[in-house]
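Trainee: no letters, just coordinates:
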């Protein structure tokens, strides 16, 4: 009997989604195991998996020895990585990164653009002198969509994303983002006003598009594209460091945006009563105002944005020239983490960003937080901090899995005849 409010089509899509999500999590599963985990009959799983095999989304992946009363061998199924491609994009105040992955998350190509190629007029950036006239006049969302399309097409080498087998795209952007509407509500470092991003990007790419805050997107990537997918933590606090500090948290599901799309703002929690005023939140003594790239540049009296003035370089300089100041920075970071852990009670904290490649900083922060005695694992993120656009790819993958792979079925079939 079909549950109230769900059509037979809804049930079919939900069950296809369950199959794909379980196989994605475990790598490969047999039909009997899928049936048991999902509470479905083996016949139902056989029919649905047959559809997915016919569509090219699944493939057989070997078998086990004899099992069961009939002595049948288990035939394992896995998602075929080449069945589709995903476009991931990441927007930060100083760059746009675009990459393409397969369905297993393997990166097929990466491109980066400066803010002059996508940012709107205002504090975040201006069109460069080589920008085309039409691009200068376009709405900010359309300009960004044009930049993403150009970079993705350069990687794909095809007439368009759909022709190249792209089944979805995702965009992670700094600032306050409404994932429901795909709108960046506030990011004064890039745009002066709220900017609609999902609609123009979907129109440009011709594929389904998801948009969210960059840290929430990266937290999702931690759960979908790293080894954490095999044994996801029941509670995850994901913290990004560099150039500012951002956070996201999950409780057995996708990252929570919050009532006002501001959940996880650990960087703007207060750690020093007499600290400096934060230019972003306006409060005194928040973590970001004390440990961000901007704070470090101000400390050393350098305002340029050259490669030699990045956050890793300045943290190394702080460690060499002022060990006490370096230790204080770690202590402040640990204080904010400790407060978040007490409030959210996660089972794991994942620290993401270029600064955490430094074992010394990671160790100092973790040791101070763990002294609270709360049983919480603190570890480096499994994501490559040089690829923030993986957050966008994770958004696209999550939507594809949630739809039971049906977002891209028509496009996969159509691309074969072109």
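Mentor: Looks like it arrived, so ask away. Just so you know, these numbers come straight off a predicted model, no measurement behind them. Residues are numbered from 1 along each chain as shown.
Trainee: so where's the stretch 51-200 of the chain uncertain?
Mentor: Residue ranges of the stretch 51-200 of the chain with pLDDT under 70: 65-71, 120-138.
Trainee: how about 90 then?
Mentor: Within the stretch 51-200 of the chain, the set of residues satisfying pLDDT under 90 comprises 61-74, 93-94, 114-139, 157-160, 162, 188-189, 192.
Trainee: show me where it has its strands.
Mentor: 58-67, 72-79, 85-92, 95-102, 107-113, 166-173, 176-178, 183-186, 195-196 (DSSP state E, counting those that start in this stretch).
Trainee: also the stretch 251-400 of the chain?
Mentor: 348-352, 377-380.
Trainee: kindly reformat the strands of the stretch 51-200 of the chain as TSV containing mean neighbour count and distance to residue 27.
Mentor: All C-beta spots, glycine's among them, are computed from the backbone N, C-alpha and C. Below are these laid out as TSV (neighbours: other Cβ atoms under 10 Å; distance: least, Cβ to Cβ, whole Å):
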stretch	mean neighbour count	distance to residue 27
strand 58-67	13	8
strand 72-79	17	6
strand 85-92	29	18
strand 95-102	23	15
strand 107-113	16	19
strand 166-173	30	20
strand 176-178	23	32
strand 183-186	20	35
strand 195-196	20	38
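Trainee: for residue 376, find the nearest of those.
Mentor: Closest approach to residue 376 among these is made by strand 166-173 (25.4 Å; Cβ to Cβ).
Trainee: what packs against the closest one?
Mentor: Packing partners of strand 166-173 (3 or more Cβ pairs under 8 Å, 6 or more residues apart in numbering; DSSP states H and E): strand 85-92, helix 140-156, helix 198-205, strand 209-213, helix 214-225, helix 390-402, helix 409-415.
Trainee: picking that back up, distance to residue 218 added to the strands of the stretch 51-200 of the chain, as TSV?
Mentor: Formatted as TSV, the strands of the stretch 51-200 of the chain follow (distance: least, Cβ to Cβ, whole Å):
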stretch	distance to residue 218
strand 58-67	28
strand 72-79	22
strand 85-92	8
strand 95-102	12
strand 107-113	15
strand 166-173	7
strand 176-178	13
strand 183-186	16
strand 195-196	20
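Trainee: got the helices and strands packed on strand 166-173 as TSV, with distance to residue 73 columns?
Mentor: Output for the helices and strands packed on strand 166-173, formatted as TSV (distance: least, Cβ to Cβ, whole Å):
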stretch	distance to residue 73
strand 85-92	33
helix 140-156	39
helix 198-205	43
strand 209-213	39
helix 214-225	30
helix 390-402	28
helix 409-415	29
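Trainee: about what we covered before: of all the strands of the stretch 51-200 of the chain, which lies closest to residue 225?
Mentor: strand 95-102 (8.3 Å).
Trainee: hmm, who's touching that closest one?
Mentor: With Cβ atoms under 8 Å, 6 or more residues apart in numbering as the test, strand 95-102 has contacts from 81-82, 84-90, 107-115, 117-118, 144, 147-148, 151-152, 155-156, 166, 387-390, 392-393.
Trainee: check the closest residue to residue 368 other than its chain neighbours and give its pLDDT.
Mentor: Counting by Cβ to Cβ, 6 or more residues apart in numbering, residue 334 is the residue found nearest to residue 368 once chain neighbours are left out, at 3.5 Å. pLDDT, residue 334: 94.
Trainee: mind checking how far residue 334 is from residue 356?
Mentor: Going from residue 334 to residue 356 by Cβ to Cβ, to the nearest Å gives 13 Å.
Trainee: and what of residue 338?
Mentor: For residue 338, the distance to residue 356 equals 17 Å [Cβ to Cβ].
Trainee: buried ones in stretch 239-251?
Mentor: Neighbour counts over stretch 239-251 (16 or more other Cβ atoms under 10 Å) mark 239-250 as buried.
Trainee: contact partners for the residue positioned nearest the centre of the chain?
Mentor: Central residue of the chain (Cα atoms, centre = their mean): residue 391, 2.0 Å from the mean position. Residues counted as contacts of residue 391 (Cβ under 8 Å, 6+ apart) are 88, 90, 170, 172, 212, 214-218, 220-221.
Trainee: dump the residues you listed to TSV, plus distance to residue 365.
Mentor: Formatted as TSV, these follow (distance: Cβ to Cβ, whole Å):
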residue	distance to residue 365
88	28
90	24
170	29
172	24
212	26
214	21
215	17
216	22
217	23
218	18
220	23
221	22
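Trainee: now, which of these sits nearest residue 266?
Mentor: Closest approach to residue 266 among the contacts of residue 391 (Cβ to Cβ): residue 215, at 9.4 Å.
Trainee: the nearest residue to that closest one once chain neighbours are set aside and residue 160, how far apart?
Mentor: Nearest residue to residue 215 in three dimensions, chain neighbours excluded: residue 246, at 3.8 Å (Cβ to Cβ, 6+ apart). According to Cβ to Cβ, residue 246 and residue 160 sit 33 Å apart.
Trainee: do residue 314 as well
Mentor: Look at residue 314 and residue 160: by Cβ to Cβ, they are 42 Å apart.
Trainee: list the buried ones in stretch 225-235?
Mentor: 225-226, 228-229, 232-233, 235.
Trainee: which of those residues fall within helices?
Mentor: Counted as lying in helices by DSSP state H, out of the buried residues of stretch 225-235, are residue 225.
Trainee: just the ones in strands from the buried residues of stretch 225-235, please.
Mentor: When DSSP state E is applied, those are split such that none fall in strands.
Trainee: in TSV: the buried residues of stretch 225-235, plus pLDDT.
Mentor: Listed next are the buried residues of stretch 225-235 as TSV, based on pLDDT from 0 to 100:
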residue	pLDDT
225	97
226	96
228	93
229	93
232	92
233	93
235	93
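Trainee: identify the residues contacting residue 346.
Mentor: Contacts for residue 346 were tallied using Cβ under 8 Å, 6+ apart; they are 233, 235-237, 249, 376.
Trainee: go again with 10 Å.
Mentor: Going by Cβ atoms under 10 Å, 6 or more residues apart in numbering, residue 346 touches 233-238, 249-251, 340, 374, 376-378.
Trainee: list just the nearest of those residues to residue 258.
Mentor: Nearest to residue 258, judged by Cβ to Cβ, of the contacts of residue 346 is residue 249 at 9.7 Å.
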